[in-house]
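> My questions are about this predicted structure, shown below with the sequence.
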Amino acid sequence: MATKAFVLGNNIDTDQLAPGRYMAAGIEKLAVHCLEATYPRFSHLSSPGDVIIAGDNFGAGSSREQAVEALKFLKISTVIARSFAGIFYRNAINLGLPAIVCKDVSGIQDGDFVKLRIPKNKLDVPSRNLSLDLEPIPPNLAEILNSGGLIPHLKNRLNPNN
Amino acid sequence: MFIGVFILYMSLAQKILSRAADHKYVNVGDIIVAKVDLAMIHDSGGPRRVAPILKELKSKIFDPSKVVLISDHFVSSGTSEGNDILKFTRKWAKHEKVPFYDGEGICHVVLPERGHLNPGMLVVGGDSHSPTGGAFGTYMFGIGATEMAGVLATGEIWIKVPETIFLNWSGQLKPAVMAKDMMLFLCRKLGMDGGRYQAIEFSGDAIEQLTMQERMTLSNMTAELGAQVGLIAPDKKTEDYLQSLGNDPGNWQTLFTEIKADGIEHHDFDASGLEPQVAAPHSPSNSSSIGDIEKVNCDVAYIGACTGAKYTDLKAAATILKDRTVVSTTKLRVAPASLRDQNKANANGIMKILEDAGATFLPNACGICAGYGTDRLASGITCISSTARNFRGRMGADSSEVWLGSPMTVAASAITGVITDPREFLKS
Ligand code: SF4
C-alpha cells in the first residue's frame, strides 16, 4: 500500500510534536496541535497510515512520550529520519511506533507517495524511481516493536500464563 | 582490569555500566541489560502516566526505596488540570511509599542536594535533563514514561554501551563568563545532535575550577547536544561536596576514563578565550558571541530552571544587579531552582539584592521554562532566559521569541532592557 509522505526538516523537537501548553490536556486535544508550529494543519491534513520523512535529530528535546503518542493518535504509521534523538527513539519503539533510520531522504518531496518494504529494509518512491535503503532495526528492539510496544512485551514476560 | 594476558581499558561509562550489568567488561556498542540503582520521576511524566501501566502489568514497584518522586512541572501552573495532576501525584506517593519532595524545587537540583546521587551509580530519570546527574560521576539519563514504568516494574533497563566524546576545556573562564556560555558555544560548534546519543565527558583544568553547580549546568545541557549522558569524573571537589551532604562517595578514585579505552574521541576548547554567548530563537544552537548580535529589546528577563537558577546562578546574577535597578520596560522574573538554594541565597543577602533591583519571584519549580502554567509568555513577547531550550512555543505563545543566555547576561539585560553583555557591569 502506498502512503503519503510528510517531509519535515532537521531538529523537529518535542515542543513542536507535543506543545507544552496542551500537556495537561488529554491526547485527543494535544494531537490536534501536533506539529502545527512547523507544518500548519498537520493534524487535519494527515491520514491514517501516512509516514513522516525527516532530516537529522528527529524528536530532539524533552522526554515527553506525548510526542510519540500524538503521532500514534493521528495514526502516522512510521517515522523515517536521517537520525533520531535518543530518548524519542526509545519512546517510539516502546510505544510501538516504528522509527527507522534512512541515511538519504533528500530525493523525497512533501506529498510524494511512498511504499515501505520492511522485511527488505527498503523505501520506494515510485514516482521518482527511487528505492532507498533503510537501516535494519536492532533485534532486541524489533522484538519490542513486534509485540506492539514495551507494555505488551513486558506483559508476556511478567505474566506468561495470561 | 586483567583478563588472561590482555589488559582491557575502560571508559568511565564502561566502568559504571559493566558494574551495573554485572559483567567484568562491556564493549562499546554492546547492548546490555543493567540494574538501576535509582529511578527519579516527576509530576508530569511520573505517577499520572506510570500508574495505569503498572496496573496493566499487574506489577508493583521493584523497590520503593530506589525511587524518588519530585513535584515541579505543575507546581506553579495555576490551572485546575495542573492541580488535579498534583493531587494525584500526592496520593500516589503516599500509597506507594516512595520518597517524595513536594514543591521543594526542580527535580535535577533537588535529587543531588538531598544526597540521592553518588559517583558510579546508574540512575534513570523521567525527564530529558537527567544527564545533570553526570556532574557527580553518576551515569544518569532520561527516559519516557512507558520505559519508566518498565523500570519500576523490573528494576532493569537496556543500554547500548556508548562511545565517549571528550570535551576538554583548558584555561580559565574570564569574569562574567559561565558554564552556560560554554554550553551555548558547544551547541553551535557540535550541533544539537553532536552528542550522537553517546557519552560526553567533560575534562580539563577549566572544569576542575568550576563549582559543583556550574558543573551541573554542563551536564544538564548535554541534553541539548543529544548525548545520553554528560559525565564528569569525580575529583576531590566532588568528594568534599558529597561529604558536606552527609554522603559517602565511596571508591570514587577508580572512576575515570583510561586513555587507552576504545571508542574515545577528543575535542579541545579554550576557556580563556570564551565570551558570553546568547542563542537566538528558536534553538540553543543559534548561538553567537554576545558582541556579534544586533540590538534586541526584551520584555521579560527570566532567571529560572534547573539550568539557570541554582544557588550559584542566583549569586552570579546578584553580582550584576547589586545596587542597580531593572528598567521599567522589562520584567525580571526569578524562579529559584530549589527551596534550599533559595534559603541559602536568602541567608547570604542574595535574594534581597534581587528584590531591591526589582525582581519578582515565582515558586521553586519549573515555572515558565516548561510553558505549562499561567505564567507562560504571551504572544509577541521577547524574553531573555537562563533556561536550556528556546524551541518555538516552549515557554508560551508560538509568536513569543526566547533568547538564551547565562544568568549574568539575563541580569545585565534586565537593567538595560536590551540584551546586554554582563561585562559592562563588572567595572565600577
Ligand atoms: S526547569 Fe525546565 S528544563 Fe528543568 S526540568 Fe523543569 S522544565 Fe525541564
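Cool, got the structure.

> Sketch out the low-pLDDT regions of chain A for me.
Low-confidence regions of chain A, defined by pLDDT under 70, span residues A:1, A:162.

> residue closest to the middle of it?
residue A:79 (2.9 Å; CA atoms, centre = their mean).

> Is it correct that that one falls within a strand?
Yes - counting by DSSP: H, G, I helix; E, B strand; the rest coil, residue A:79 is part of a strand.

> Write down the beta-bridge partners of the residue nearest to it when sequence neighbours are not counted, one by one.
The shortest distance from residue A:79 to any non-neighbouring residue, by CB to CB, 6 or more residues apart in numbering or on different chains, is to residue A:52 (4.6 Å). In this view, the C-beta of every residue, glycine as well, is placed from N, C-alpha and C. Residue A:52 has these beta-bridge partners by DSSP bridges: residue A:6, residue A:79.

> Tell me how far residue A:52 lies from residue A:75.
For residue A:52, the distance to residue A:75 (CB to CB, to the nearest Å) stands at 12 Å.

> Settle it for me: which of the two has more neighbours?
Under the criterion of other CB atoms under 10 Å in any protein chain shown, the comparison of residue A:52 against residue A:75 puts residue A:52 first, with 24 against 12.

> Contact partners for residue B:17?
B:26, B:32, B:34, B:122, B:139, B:159, B:161 (CB atoms under 8 Å, 6 or more residues apart in numbering or on different chains).

> With pLDDT and distance to residue B:84 added, can I get these in JSON lines?
What follows is the contacts of residue B:17, written out as JSON lines (pLDDT from 0 to 100; distance: CB to CB, whole Å):
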{"residue": "B:26", "pLDDT": "96", "distance to residue B:84": "43"}
{"residue": "B:32", "pLDDT": "95", "distance to residue B:84": "39"}
{"residue": "B:34", "pLDDT": "98", "distance to residue B:84": "35"}
{"residue": "B:122", "pLDDT": "98", "distance to residue B:84": "33"}
{"residue": "B:139", "pLDDT": "98", "distance to residue B:84": "35"}
{"residue": "B:159", "pLDDT": "96", "distance to residue B:84": "35"}
{"residue": "B:161", "pLDDT": "97", "distance to residue B:84": "41"}
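
> all helices of the chain, in order?
In the absence of a named chain, this looks at chain A. A:14-17, A:27-32, A:42-45, A:66-73, A:86-94, A:139-147, A:150-158 (DSSP state H).

> um, chain B though
B:12-20, B:47-56, B:80-96, B:107-113, B:145-154, B:179-190, B:205-209, B:212-220, B:236-244, B:305-308, B:311-321, B:339-347, B:350-357, B:407-416.

> among these, which is nearest residue B:390?
Taking CB to CB, helix B:179-190 is the member of these nearest to residue B:390, at 10.3 Å.

> Restricting to C-alpha, output the closest one in PDB.
What follows is helix B:179-190, C-alpha atoms only, in PDB (Å, rounded to 0.1, in the frame of the first residue of the first chain):
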ATOM      1  CA  ALA B 179      29.200  27.300  32.300                       C
ATOM      2  CA  LYS B 180      26.100  28.300  30.400                       C
ATOM      3  CA  ASP B 181      28.200  30.200  27.900                       C
ATOM      4  CA  MET B 182      30.400  27.100  27.400                       C
ATOM      5  CA  MET B 183      27.200  25.100  26.600                       C
ATOM      6  CA  LEU B 184      25.700  27.600  24.200                       C
ATOM      7  CA  PHE B 185      29.100  27.700  22.500                       C
ATOM      8  CA  LEU B 186      29.100  23.900  22.200                       C
ATOM      9  CA  CYS B 187      25.600  23.800  20.900                       C
ATOM     10  CA  ARG B 188      26.700  25.900  18.000                       C
ATOM     11  CA  LYS B 189      30.100  24.100  17.500                       C
ATOM     12  CA  LEU B 190      28.800  20.500  17.800                       C
END
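
> Let me see the mean pLDDT of that helix.
The predicted model gives helix B:179-190 an average pLDDT of 98.

> Run through the neighbouring helices and strands of it.
The contact analysis (3 or more CB pairs under 8 Å, 6 or more residues apart in numbering or on different chains; DSSP states H and E) places helix B:179-190 against helix B:212-220, strand B:264-270, strand B:277-279, strand B:287-289.

> Pairing partners for the last one, with directions?
The reference is to strand B:287-289. strand B:277-279 (antiparallel).

> quick one: average pLDDT of the strand it pairs with?
If you average the pLDDT over strand B:277-279, you get 98.

> circling back: hmm, residue A:98 and the residue nearest to the centre of chain A touching each other?
Yes - taking CB atoms under 8 Å as the definition, residue A:79 is a contact partner of residue A:98 at 7.3 Å.

> what touches both of those two?
Counting by CB under 8 Å, 6+ apart, the residues touching both residue A:79 and residue A:98 are residue A:92.

> who in the stretch 201-350 of chain B is up against chain A?
B:226, B:228, B:283, B:285 (CB under 8 Å from any CB of the partner chain).

> still on that earlier bit, can you tell which of the helices and strands packed on helix B:179-190 is closest to the ligand?
For the ligand, the closest of those is helix B:212-220, at 7.6 Å, according to CB to the nearest ligand atom.

> and the angle from that closest one to helix B:407-416?
Here helix B:212-220 runs at an angle of 100 degrees relative to helix B:407-416 (axes from the mean of the first three to the mean of the last three CA atoms, to 10 degrees).

> Could you list the residues in contact with helix B:212-220?
If you take CB under 8 Å, 6+ apart as the criterion, helix B:212-220 is touched by B:108-109, B:112, B:129, B:131-136, B:178-180, B:182-183, B:202, B:207, B:210, B:229-232, B:237-238, B:241, B:306-308, B:310-313, B:388.

> now with 6 Å?
Outside helix B:212-220, the residues that touch it by CB atoms under 6 Å, 6 or more residues apart in numbering or on different chains are B:129, B:131-132, B:134-135, B:179-180, B:202, B:230, B:232, B:241, B:306-307, B:310, B:312.

> And for residue B:261, the neighbour number?
When neighbours are counted by other CB under 10 Å, residue B:261 registers 18.

> now do residue B:253
13.

> any idea how far it is from residue B:238?
Applying CB to CB, the value for residue B:253 to residue B:238 is 11 Å.

> Could you check the pLDDT of the residue nearest to the spatial centre of chain B?
For chain B, the residue sitting closest to the mean C-alpha position, by CA atoms, centre = their mean, is residue B:220 at 2.9 Å. We have a pLDDT of 98 for residue B:220.

> go on, the one 5 residues further on?
Residue-level confidence at residue B:225 comes out at 97, pLDDT.

> So which residues make contact with stretch B:419-428?
B:175-176, B:276, B:278, B:290, B:296, B:320, B:384, B:408-409, B:412-413.

> For stretch B:233-251, list the C-alpha coordinates in PDB.
Extracted in PDB, the C-alpha atoms of stretch B:233-251 (Å, rounded to 0.1, in the frame of the first residue of the first chain):
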ATOM      1  CA  ALA B 233      34.900  12.200  36.600                       C
ATOM      2  CA  PRO B 234      34.700  12.700  40.300                       C
ATOM      3  CA  ASP B 235      37.500  14.600  42.000                       C
ATOM      4  CA  LYS B 236      38.400  16.000  45.400                       C
ATOM      5  CA  LYS B 237      35.800  18.700  44.900                       C
ATOM      6  CA  THR B 238      33.100  16.100  44.200                       C
ATOM      7  CA  GLU B 239      34.100  14.200  47.300                       C
ATOM      8  CA  ASP B 240      34.000  17.300  49.500                       C
ATOM      9  CA  TYR B 241      30.700  18.400  48.200                       C
ATOM     10  CA  LEU B 242      29.100  15.000  48.700                       C
ATOM     11  CA  GLN B 243      30.600  14.600  52.200                       C
ATOM     12  CA  SER B 244      29.100  18.000  53.100                       C
ATOM     13  CA  LEU B 245      25.700  16.500  52.300                       C
ATOM     14  CA  GLY B 246      26.500  13.500  54.500                       C
ATOM     15  CA  ASN B 247      27.000  11.100  51.600                       C
ATOM     16  CA  ASP B 248      29.700   8.500  51.400                       C
ATOM     17  CA  PRO B 249      31.100   9.000  47.900                       C
ATOM     18  CA  GLY B 250      32.800   5.500  48.100                       C
ATOM     19  CA  ASN B 251      35.700   4.400  46.000                       C
END
